[in-house]
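Student: Below is the sequence, then the predicted model.
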Amino acid sequence: MDKFLLLIHEDMDKLKALPEEEFQDCIRLMTIWVEELAQNGNYVSADPLQTIGRYVSKERVLSDGPFIEAKEAISGYFIIRAENLDQAASIAQNCPRVLNKIGSMEVRQIMELGDH
């Protein structure tokens, strides 16, 4: 199986507007989803991202965070294993954040060093 990066793009306005009960339910559903990924052998790793950061170029810092000021932000990532891009996309579509329309996922295959 190949490795894929799932970047979680979330609508920060929708996320901030969630009542506490719904927010906790989202966490519960994400935990169940991750446990299923692990049981199926797809889970590799995942982490949430801080909202503070920097965009940089060689010459300078182009922008200081916080990125939470943007309407949509990358709030975290998953690394999963899947047979192909279609399977990885299907896995991403079943993420509770995608299903409840709070966010979307960008799915990218991770290149092995020998692939280029």
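Tutor: Everything's here; your move. Residues are numbered from 1 along each chain as shown.
Student: Run through the strands of the chain in chain order.
Tutor: Listed in chain order, the strands of the chain (DSSP state E) span 2-11, 43-48, 54-56, 61-64, 72-82, 103-109.
Student: looking at the ones you listed, which is closest to Leu29?
Tutor: Smallest distance to Leu29 across the strands of the chain (CB to CB): 12.5 Å, for strand 103-109. The C-beta positions use only the backbone N, C-alpha and C, and glycine is treated the same way.
Student: lowest average confidence, helix or strand, in this structure?
Tutor: Ranked by mean pLDDT, DSSP states H and E, the helix or strand of the chain with the weakest confidence is strand 61-64, at a mean of 64.
Student: what stretches of this protein score poorly on pLDDT?
Tutor: Where the chain drops to pLDDT under 70, the residues are 62-71, 115-116.
Student: go with 90
Tutor: Regions of the chain meeting the criterion pLDDT under 90 cover residues 10-18, 22-23, 26, 49-75, 97, 100-103, 112-116.
Student: how far out from the middle of the chain is the longest helix seen in it?
Tutor: Longest helix of the chain, by residue count under DSSP state H: helix 20-39. Averaged C-alpha coordinates place helix 20-39 at 13 Å from its chain's average position (CA atoms, centre = their mean, to the nearest Å).
Student: export it as CSV, just CAs?
Tutor: Extracted in CSV, the C-alpha atoms of helix 20-39 (Å, rounded to 0.1, in the frame of the first residue of the first chain):
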residue,chain,number,x,y,z
GLU,A,20,-20.1,22.9,22.7
GLU,A,21,-22.2,19.8,22.5
GLU,A,22,-21.8,19.5,18.7
PHE,A,23,-18.1,20.2,19.0
GLN,A,24,-17.7,17.4,21.5
ASP,A,25,-19.8,15.1,19.3
CYS,A,26,-17.4,15.9,16.4
ILE,A,27,-14.4,14.9,18.5
ARG,A,28,-16.2,11.6,19.5
LEU,A,29,-16.9,10.9,15.8
MET,A,30,-13.4,11.7,14.7
THR,A,31,-12.0,9.3,17.4
ILE,A,32,-14.3,6.5,16.1
TRP,A,33,-13.2,7.2,12.5
VAL,A,34,-9.5,7.1,13.5
GLU,A,35,-10.0,3.8,15.4
GLU,A,36,-11.6,2.3,12.3
LEU,A,37,-8.7,3.5,10.2
ALA,A,38,-6.3,1.8,12.6
GLN,A,39,-8.3,-1.4,12.7
